[in-house]
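Q: Quick one, what's the 3D model for this:
(4 chains)
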Number of protein chains: 2
Amino acid sequence: MTPDSQEPRWLTAEQRLAWLDMVRVLTRLPATLGAQLERDAGLTFFEYHVLSMLSEIPGHALRLSRLAQLTSSSLSRLSNVVKRLESRDLLRREPDPADGRASRAVLTDAGMAAVEQAAPGHVTLVRELVVDPLDAKQLNQLHAAHERILDRLDPASSTRPEWLET
Amino acid sequence: MTPDSQEPRWLTAEQRLAWLDMVRVLTRLPATLGAQLERDAGLTFFEYHVLSMLSEIPGHALRLSRLAQLTSSSLSRLSNVVKRLESRDLLRREPDPADGRASRAVLTDAGMAAVEQAAPGHVTLVRELVVDPLDAKQLNQLHAAHERILDRLDPASSTRPEWLET
DNA sequence: AGCGAATGGTTCAAGCGTCAAGTAAATTGG
DNA sequence: CCAATTTACTTGACGCTTGAACCATTCGCT
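A: Numbering: from 1, shown residues only, chains lettered A, B, ... in the order given. Here you go, the predicted model:
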């Protein structure tokens, strides 16, 4: 029998350096943003992401399954987090009238207030770490690269909020 | 009293789209790579990263504190992982002769074998998701952007392996 | 020398994420 | 129109990460 997978194409030195730096960004950036949010607002990066999605959607309400797609999380993870956020009164769950199986997460006023309180510090840090060190062209290039990568990671683009137009 | 922080500069629509796509990459890419490694090699992304660092260093040995820097992890996290890897005989700990407080993690033959067994699948996936969808120029641009970001995240560049030359 | 501070590492409890299994409601197909 | 499947979500057990407290060793200062 012939081997069904050849020796893989290893990375060139240049590609390897690029990849290692990407790994460093991948691990340090979420940690840094998370630490700031935790410190200043008592929210996980993921919790903030959830609340922030709701705050930007018209109606401030979303089905859990859709919210899970938008935040790239498993339904199980989201279910746990929503439970915690509900116990803190930052959102509430209500049954979806259109489908008996589904629930909708609805942002409460307190939840909206939490996002509004957390957002400035968060945005400032995102600017400081990512947006401001790059000029407009570089940011576009970064965005283009991410779009390519997402084409592979998520071919159906199902995690893309449709309410955002270019 | 005057407010000590103005309303922050919010992101423009374009910047916001770029940032949201970056967040999607930040969350999905490590998850996808981790799932593949777990499935095919029984290793966490982080465990693989640790073993892989050791496998590339001359001597296959590193002090834990340095290894923690290189892998962007807390010493506590690393200590736990090293303990687990040691119990699997993928590496061993030995006291650092030069400093009574320090330990060195040393890759075992089994650890080396584990990296060599896991690497092909991992590299193939990294290529598929990141390297191959970008042309050489785009990858360079991505790398440049990451370097800028790392300048902010890690000004001292202490997480950069010195044994890698450009 | 010698004392205080800093460094290197470990441990434990608490919290969070994941996976597998479970329930309930809707859809499909015969 | 009923059974099988699929979809939406929840739960529980287990594993990993974090943060604080802890010990031991070494460094910095005088």
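Q: Tell me where chain A has helices.
A: For chain A, the helices defined by DSSP state H occupy A:13-41, A:45-56, A:64-70, A:75-87, A:109-126, A:136-153.
Q: now those as a markdown table including mean pLDDT and distance to DNA strand C?
A: All C-beta spots, glycine's among them, are computed from the backbone N, C-alpha and C. Conversion of the helices of chain A to a markdown table gives the following (pLDDT from 0 to 100; distance: least, Cβ to the nearest atom of the strand, whole Å):
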| stretch | mean pLDDT | distance to DNA strand C |
| --- | --- | --- |
| helix A:13-41 | 96 | 9 |
| helix A:45-56 | 97 | 5 |
| helix A:64-70 | 96 | 10 |
| helix A:75-87 | 97 | 4 |
| helix A:109-126 | 96 | 14 |
| helix A:136-153 | 97 | 14 |
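Q: With distance to DNA strand D added, can I get the ones you listed in a markdown table?
A: Compiled in a markdown table, those are given as follows (distance: least, Cβ to the nearest atom of the strand, whole Å):
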| stretch | distance to DNA strand D |
| --- | --- |
| helix A:13-41 | 6 |
| helix A:45-56 | 11 |
| helix A:64-70 | 3 |
| helix A:75-87 | 3 |
| helix A:109-126 | 16 |
| helix A:136-153 | 20 |
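Q: Return the distance of residue A:74 relative to residue B:35.
A: The spacing between residue A:74 and residue B:35, counted by Cβ to Cβ, to the nearest Å, is 11 Å.
Q: Residue A:72 reaches residue B:28, doesn't it?
A: Yes - applying Cβ atoms under 8 Å as the test, residue A:72 and residue B:28 come out as touching, 5.0 Å apart.
Q: quick one on the thing from earlier: give me whichever of the helices of chain A is most buried.
A: Per residue and on average, the most neighbours among the helices of chain A fall to helix A:45-56, with a mean of 21 (mean count of other Cβ atoms under 10 Å in any protein chain shown).
Q: How about it and chain B, touching?
A: Yes - Helix A:45-56 reaches chain B (Cβ under 8 Å from any Cβ of the partner chain) through residue A:49.
Q: Output the contacting helices and strands for that helix.
A: Here helix A:45-56 is seen to pack against helix A:13-41, strand A:61-63, helix A:64-70, helix A:75-87, strand A:103-107, helix A:109-126 when contacts are counted using 3 or more Cβ pairs under 8 Å, 6 or more residues apart in numbering or on different chains; DSSP states H and E.
Q: so what pLDDT did residue A:3 get?
A: The model reports residue A:3 with a pLDDT of 52.
Q: With residue A:164 instead?
A: 58.
Q: thinking residue A:93 is in contact with residue A:86, fair?
A: Yes - using Cβ under 8 Å, residue A:93 is in contact with residue A:86, at 6.0 Å.
Q: ok so, going back, the helices and strands packed on helix A:45-56 into CSV, with extra columns for distance to residue B:15?
A: CSV is the format used below for these (distance: least, Cβ to Cβ, whole Å):
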stretch, distance to residue B:15
helix A:13-41, 16
strand A:61-63, 24
helix A:64-70, 19
helix A:75-87, 27
strand A:103-107, 24
helix A:109-126, 9
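Q: quick one, which of these is nearest to residue B:132?
A: helix A:13-41 (9.8 Å; Cβ to Cβ).
Q: tell me, what residue is most central in chain A?
A: Compute the mean C-alpha point of chain A, and by Cα atoms, centre = their mean the closest residue is residue A:71, 4.6 Å away.
Q: Quick one: residues contacting that residue.
A: Residues in contact with residue A:71, defined by Cβ atoms under 8 Å, 6 or more residues apart in numbering or on different chains, are A:46, A:49-50, A:53, A:78, B:27.
Q: so residue A:19 makes contact with residue B:130?
A: Yes - with contacts defined as Cβ under 8 Å, residue A:19 counts as touching residue B:130 at a distance of 6.9 Å.
Q: thinking again about what came up before, want to throw the helices of chain A into a markdown table with distance to residue B:150?
A: Written out in a markdown table, the entries for the helices of chain A read as follows (distance: least, Cβ to Cβ, whole Å):
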| stretch | distance to residue B:150 |
| --- | --- |
| helix A:13-41 | 6 |
| helix A:45-56 | 19 |
| helix A:64-70 | 28 |
| helix A:75-87 | 28 |
| helix A:109-126 | 15 |
| helix A:136-153 | 13 |
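Q: These: which one's closest to residue B:123?
A: Of the helices of chain A, nearest to residue B:123 by Cβ to Cβ is helix A:13-41, at 9.2 Å.
Q: and that closest one with helix B:13-41, angle?
A: When axes from the mean of the first three to the mean of the last three Cα atoms, to 10 degrees is applied, the directions of helix A:13-41 and helix B:13-41 differ by 110 degrees.
Q: Now do helix A:13-41: which elements does it pack against?
A: For helix A:13-41, the packing partners by 3+ Cβ pairs under 8 Å, 6+ apart come out as helix A:45-56, helix A:109-126, helix B:13-41, helix B:136-153.
Q: Between those, which one is closest to residue A:8.
A: When these are ranked by proximity to residue A:8, the top entry is helix B:13-41, at 12.6 Å, counting by Cβ to Cβ.
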